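Peer 1: show me how the following folds:
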Amino acid sequence: MKAIAVIPGTPDSIHLRDIPEPTLNDIPDGNGVLIRTLKVGVDATDREINESKYGNPPPGDDYLVLGHEFFGVVEEIGDNVTKLVPGDLVACTVRRPGGSIWDRIGHSDLTGEETYFERGINLLHGFLTERIVDHQEFVVKVPIGLKHLHVLAEPMSCAAKAVQQAFEAQRRLKVWEPRVAYVMGAGQIGLLATLILRLRGFRVYTLARSPKPILKAEIAEGYGAEYVSLKETTLEELTERTGKPDLIIEATGSSRSSFQAMQYLNINGVLVWTGVTGGDLTTEVPADKINLEWVLGNKLLLGSVNGNFRHFESGLADLASGEMTYPGVTERILTDPVDGLDRYGDLFPLLERPSALKVYVNVSDL
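Peer 2: Numbers count the residues shown, from 1 in each chain. Down below sits the predicted model:
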């Protein structure tokens with residue numbers, strides 16, 4: 001069976017290889033779901049793993065199958081699988097349980113252990129292959145009416161979790177009535193976060209570097225947000241016009257941007273970091289000013305990484321609402337299909353294109 005893999009620790013090692021076919025017996029107690037891969041998304045995480053910035057193979061292997069944004073169709077189920085049947089369209093969660101209390105209660109995305117297990121990222125093989133098998137707990141049914149959005153289920157779960165966690169944490173205030181949100185970054189996570197916040201009635205400003213006209217601006221504005229090019233408007237100028245935001249979702253993938261965002265948050269606001277940065281970049285910030293304003297202003301910084309099945313379900317519900325409220329907008333995020341695993345060499349060059357929002361592999365047809 002074909003798979004796209006890398007050799008962790010060896011830069012630019014992406015390759016096609018044969019791996020064993022999965023079977024239901026790989027999952028104990030009749031809880032296995034055998035799924036044929038239809039499409040798999042590729043993003044900056046996969047590129048950085050190929051650059052050896054992070055990522056480790058499963059024990060006993062020297063390679064790691066890439067891919068964590070999965071869409072497939074169920075082919076077989078184990079005897080104890082109750083929520084799925086053959087023919088169902090599905091996505092799969094990314095992080096798998098360790099041994100902490102949060103792992104044991106179905107919140108492995110909040111694991112308390114430093115060693116984490118993520119399919120296609122760390123210590124577990126990913127989805128860029130012809131078939132996969134997984135435990136039913138980690139398989140999420142995708143409504144057939146959303147099949148045209150396929151690989152967006154996983155990034156949407158990340159955006160959904162980021163917004164949900166912000167509101168959950170802000171229960172500390174007893175009353176929180178946010179009005180203005182900045183979404184920093186207009187890649188897939190930023191645009192999907194824009195959608196979620198617009199559905200919740202926020203006045204949203206989606207910030208990116210590129211000036212208009214550009215596709216990401218058209219999508220953000222299609223959701224009713226205002227797109228702001230940081231080459232044309234500074235954050236200082238924007239906050240003077242809009243007031244400081246109550247909520248910032250930072251989704252640029254830039255650690256410098258993540259720290260700079262701290263200077264512009266409103267009193268009692270929350271800043272959510274969603275980007276993962278591999279590297280050793282250092283940056284300077286006005287530390288005393290930030291420290292003073294954050295303590296006196298009761299501001300909150302929150303890190304949010306991938307989601308459990310609940311966030312997938314919430315994200316799918318918002319995708320459905322988005323299709324009714326802003327029909328045809330979200331599908332425009334799916335910019336760059338690659339037909340077949342054999343064309344793995346096309347993936348990372350496509351990611352470098354300024355116009356690319358979502359690169360994905362068509363592995364098989366429905």
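Peer 1: could you use CA atoms for every contact and neighbour count after this?
Peer 2: OK.
Peer 1: residues contacting the helix or strand of the chain with the lowest mean pLDDT, please?
Peer 2: In the chain, the helix or strand scored least confidently by mean pLDDT, DSSP states H and E is helix 255-260, which has a mean of 88. Contacting residues not belonging to helix 255-260 are listed as 250, 252, 273, 275, 277, 281-283, 285 [CA atoms under 8 Å, 6 or more residues apart in numbering].
Peer 1: chain center to the helix or strand following it, what's the gap?
Peer 2: Proceeding N to C from helix 255-260, the next assigned helix or strand is strand 270-273, under DSSP states H and E. Mean-position distance between strand 270-273 and its chain equals 15 Å (CA atoms, centre = their mean, to the nearest Å).
Peer 1: okay, and E293 sits in which element?
Peer 2: Under the criterion of DSSP H and E, E293 resides in helix 287-296.
Peer 1: lowest-confidence one in the contacts of helix 255-260?
Peer 2: The member of the contacts of helix 255-260 with the lowest pLDDT is T277, at 78.
Peer 1: once you drop chain neighbours, what's closest to P58?
Peer 2: L123 (4.0 Å; CA to CA, 6 or more residues apart in numbering).
Peer 1: and G99, how many neighbours does it have?
Peer 2: By the measure other CA atoms under 10 Å, the count of residues near G99 is 13.
Peer 1: buried set for stretch 168-188?
Peer 2: Using 16 or more other CA atoms under 10 Å as the test for burial, stretch 168-188 gives 170, 178, 180-188.
Peer 1: and the helices in the stretch 151-300 of the chain, which stretches?
Peer 2: Applying DSSP state H, counting those that start in this stretch to the stretch 151-300 of the chain gives helices spanning 153-169, 188-199, 215-222, 235-242, 255-260, 287-296.
Peer 1: how many other residues sit next to H148?
Peer 2: When neighbours are counted by other CA under 10 Å, H148 registers 11.
Peer 1: that one: what secondary structure?
Peer 2: Taking DSSP: H, G, I helix; E, B strand; the rest coil as the rule, one finds H148 in the helix state.
Peer 1: could you find the closest non-adjacent residue to it?
Peer 2: With CA to CA, 6+ apart as the criterion, H148 has its nearest non-adjacent residue at 7.2 Å, and that residue is E331.
Peer 1: the one you found belongs to a helix, doesn't it?
Peer 2: Yes: counting by three-state DSSP, E331 is part of a helix.
Peer 1: what's the pLDDT at the closest residue to T277 other than its chain neighbours?
Peer 2: Distances taken as CA to CA, 6+ apart put G253 closest to T277, at 6.1 Å, once the chain neighbours are dropped. pLDDT, G253: 82.
Peer 1: what's the domain layout of this structure?
Peer 2: Domains of the chain are assigned by automatic domain parsing as 2-141+335-362, 157-303.
Peer 1: what's the end-to-end length of the longest one?
Peer 2: So the one you mean is domain 2-141+335-362. Domain 2-141+335-362 stretches 13 Å from its first residue to its last (CA to CA, to the nearest Å).
Peer 1: same thing with stretch 297-317?
Peer 2: Length of stretch 297-317, first residue to last, CA to CA: 34 Å.
Peer 1: count the residues that sit near the nearest residue to K83 once chain neighbours are set aside.
Peer 2: Nearest non-adjacent residue to K83, counting by CA to CA, 6+ apart: Q136, 7.8 Å away. Counted with other CA under 10 Å, residues neighbouring Q136 total 21.
Peer 1: tell me the contacts of Q136?
Peer 2: 31-33, 81, 83-84.
Peer 1: min pLDDT across these, which one?
Peer 2: Within the contacts of Q136, K83 has the lowest pLDDT, namely 93.
Peer 1: residues near it, how many?
Peer 2: Neighbour count for K83, taken as other CA under 10 Å: 12.
Peer 1: how close does it sit to I77?
Peer 2: Taking CA to CA, one finds K83 at 10 Å from I77.
Peer 1: and the angle for the biggest strand by length in the chain with helix 153-169?
Peer 2: Assignment by DSSP state E gives strand 32-42 as the longest strand of the chain. If you take axes from the mean of the first three to the mean of the last three CA atoms, to 10 degrees, strand 32-42 sits at 90 degrees to helix 153-169.
Peer 1: send over strand 32-42 as CSV, restricted to the C-alpha atoms.
Peer 2: Provided in CSV are the C-alpha atoms of strand 32-42 (Å, rounded to 0.1, in the frame of the first residue of the first chain):
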residue,chain,number,x,y,z
GLY,A,32,-11.8,-0.7,14.7
VAL,A,33,-13.0,1.3,11.7
LEU,A,34,-11.3,0.5,8.4
ILE,A,35,-11.5,3.6,6.1
ARG,A,36,-10.5,4.2,2.5
THR,A,37,-8.7,7.5,2.1
LEU,A,38,-10.4,10.0,-0.2
LYS,A,39,-8.5,13.2,0.5
VAL,A,40,-5.8,14.5,2.8
GLY,A,41,-4.9,18.1,3.4
VAL,A,42,-1.3,19.3,3.6
